[in-house]
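Student: Structure here, sequence nowhere to be found:
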Ligand SMILES: Cc1ncc(COP(=O)(O)OP(=O)(O)O)c(N)n1
Ligand SMILES: Cc1ncsc1CCOP(=O)(O)O
Ligand SMILES: [Mg+2]
């Protein structure tokens with residue numbers, strides 16, 4: 001499936017204070033987020049189901065796809081896209097289970113190349129952390145924008161890790177199709193404005209590239 005990944009919001013329940021998750025996502029979509037991933041490490045499948053259903057309501061009619069992090073059962077049950085990493089479900093199996101109509105992406109670490117079957121299963125890959133981040137404690141050190149160009153580019157590449165609008169511009173200039181952000185939107189006082197600033201930066205950098 002072709003996905004618009006220009007500004008890809010990855011959620012984190014630990015950020016945003018008292019503000020409900022749905023309120024942040026709704027504002028971020030108004031601001032210009034083009035894809036949303038429900039990421040809630042440590043949540044039980046039933047918690048993920050509840051949260052995903054709420055986010056589906058928020059996204060209904062917007063055209064913005066919802067993915068879930070790590071959980072093939074939740075993606076399968078609710079017809080969501082899926083993001084997987086190193087120790088997660090195999091994307092080739094996930095594609096067989098989920099079909100062609102949802103977005104599937106995978107984190108690529110250490111310059112790993114894609115096998116042919118992975119390439120055809122995946123809609124995008126993610127590289128990071130491009131800049132240092134405190135959002136994911138096991139993310140490792142910053143890999144820098146050079147890693148974007150060095151990543152297998154047979155699928156669209158999304159940059160993640162420490163992204164703000166200025167860095168979003170740099171990531172796109174280095175070859176990314178879009179940026180994935182957690183704290184820049186989830187922890188923002190005004191998530192709509194934060195998303196709009198990121199979207200403007202990405203669109204500007206994409207236009208400058210073409
Ligand atoms: C868009 C995007 N990029 C990278 C990740 C990280 O995935 P992973 O390496 O599996 O780590 P966890 O998110 O599961 O902690 C992501 N979720 N989304
Ligand atoms: C989930 C994930 N994967 C690599 S870095 C990261 C966290 C990025 O969070 P932030 O945008 O707050 O730096
Ligand atoms: Mg994972």
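Tutor: Thanks, I have it. For clarity, every value in this text was computed on a predicted model and none was experimentally measured. Ligands and ions are numbered 1, 2, ... in the order given.
Student: Touching, residue 74 and residue 50? I think so.
Tutor: No. Counting by Cβ atoms under 8 Å, residue 74 stays clear of residue 50, with 10.3 Å between them. Every residue, glycine included, has its C-beta placed from N, CA and C.
Student: This structure: helices as residue ranges?
Tutor: 21-31, 45-59, 72-78, 91-98, 116-121, 146-150, 165-173, 183-186, 191-209 (DSSP state H).
Student: and the first one with helix 191-209, angle?
Tutor: Just to be clear, that refers to helix 21-31. Using axes from the mean of the first three to the mean of the last three Cα atoms, to 10 degrees, the inter-axis angle of helix 21-31 relative to helix 191-209 is 40 degrees.
Student: Could you see whether ligand 3 lies near stretch 87-107?
Tutor: Yes. Residues of stretch 87-107 contacting ligand 3 under Cβ under 5 Å from the ion: residue 88.
Student: Can you give me the buried ones in that stretch?
Tutor: Neighbour-count burial for stretch 87-107 flags 88-89, 91-92, 94-95, 98, 102-107 (criterion: 16 or more other Cβ atoms under 10 Å).
Student: out of those residues, who's nearest residue 32?
Tutor: residue 103 (17.9 Å; Cβ to Cβ).
Student: Report the contact partners of the closest one.
Tutor: Applying Cβ atoms under 8 Å, 6 or more residues apart in numbering, we find residue 103 in contact with 1, 3, 35, 65, 67, 81, 82, 123, 124.
Student: ok, residue 11 to ligand 2 distance?
Tutor: For residue 11, the distance to ligand 2 (Cβ to the nearest ligand atom, to the nearest Å) stands at 10 Å.
Student: how many neighbours does that residue have?
Tutor: By other Cβ atoms under 10 Å, the residues close to residue 11 number 22.
Student: what's it sitting at in phi/psi?
Tutor: Backbone geometry at residue 11, expressed as degrees, to the nearest 10, gives phi -80, psi 160.
Student: Tell me how far it lies from ligand 1.
Tutor: Using Cβ to the nearest ligand atom, residue 11 is found at 10 Å from ligand 1.
Student: Kindly report the same for residue 155.
Tutor: Remark: distance between residue 155 and ligand 1 (Cβ to the nearest ligand atom) = 13 Å.
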